[in-house]
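>>> the following block contains a protein sequence and its predicted model.
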Amino acid sequence: MRILLAPLVGAALAASPPAPVREFRIDAGHSDVAFSIGFLGHPVRGRFDDVRGTIVYAPGNAAASAVTVVIGAKSIATGSAHRDEHLRSPDFFDVVKYPVIVFRSATIVARGDSFAVTGPLTMHGITRTIVIPFRETMRPVADPHGSTLAFFSGHL
């Protein structure tokens, strides 16, 4: 999973943190929520195209950071229209009854030069606590259009 963030709101803390806390929105057009699962000995790869959410980013203070991701289950794409329709059906994701997949962080902890975010993932009406190891792949950088971008990559 690769996520590119564009700024939503920036907010400075009154104290003297190493860097200001910023809130970013997930840029779905430049983010990738993808999967690979074995089927009859061969991998089936796919992705979700409708990805949105926010990340509160506090450089140097993982505990003050937070993540919320909402994925439109209907946006599943595996390269096979027939398979995608079956995955959207009540046999699998049941997108009419469960239109979104939601993850909200409960904690984020630093682990050396990487991080782990823990929180509830709700999919198909079932909620389980998961841990997603991730890393910052590039420090925040200004783009030519006046936005600040932050880059993270993680998988589970």
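Here it is on my side, so go on.
>>> distance check, the spatially most central residue of the chain against S105.
Nearest to the mean C-alpha position of the chain, by CA atoms, centre = their mean, lies V69 at 5.0 Å. V69 sits 9 Å away from S105, going by CB to CB, to the nearest Å. All C-beta atoms are positioned from the backbone trio N, CA, C, and that covers glycine.
>>> direction included, what does the helix or strand hosting R45 pair against?
Element membership of R45, judged by DSSP states H and E, is strand 42-48. Strand pairing for strand 42-48, using DSSP bridges, gives strand 33-39 (antiparallel), strand 76-77 (antiparallel).
>>> list the contacts for the residue lying closest to the residue nearest to the centre of the chain once chain neighbours are set aside?
Nearest residue to V69, sequence neighbours excluded (CB to CB, 6 or more residues apart in numbering): G53, at 4.0 Å. The neighbours of G53, taking CB atoms under 8 Å, 6 or more residues apart in numbering as the test, are R25, I26, V67, T68, V69, V70.
>>> buried ones in the host helix or strand of G53?
For G53, the host element (DSSP H and E) is strand 51-57. Residues of strand 51-57 classed as buried: V51, G53, T54, I55, V56, Y57 (neighbour count, 16 or more other CB atoms under 10 Å).
>>> okay if I get these as CSV plus distance to I126 and pLDDT?
Below are those laid out as CSV (distance: CB to CB, whole Å; pLDDT from 0 to 100):
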residue, distance to I126, pLDDT
V51, 20, 95
G53, 20, 94
T54, 24, 93
I55, 24, 92
V56, 26, 92
Y57, 29, 88
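>>> between those residues, which sits nearest I130?
G53 (15.3 Å; CB to CB).
>>> gap between that closest one and V102?
If you go by CB to CB, the gap between G53 and V102 works out to 9 Å.
>>> any shared contact partners between these two?
T68, V69, V70.
>>> so who does the first one touch?
By that I understand T68. Per CB under 8 Å, 6+ apart, neighbours of T68: G53, T54, I55, V102, F103, R104, S105.
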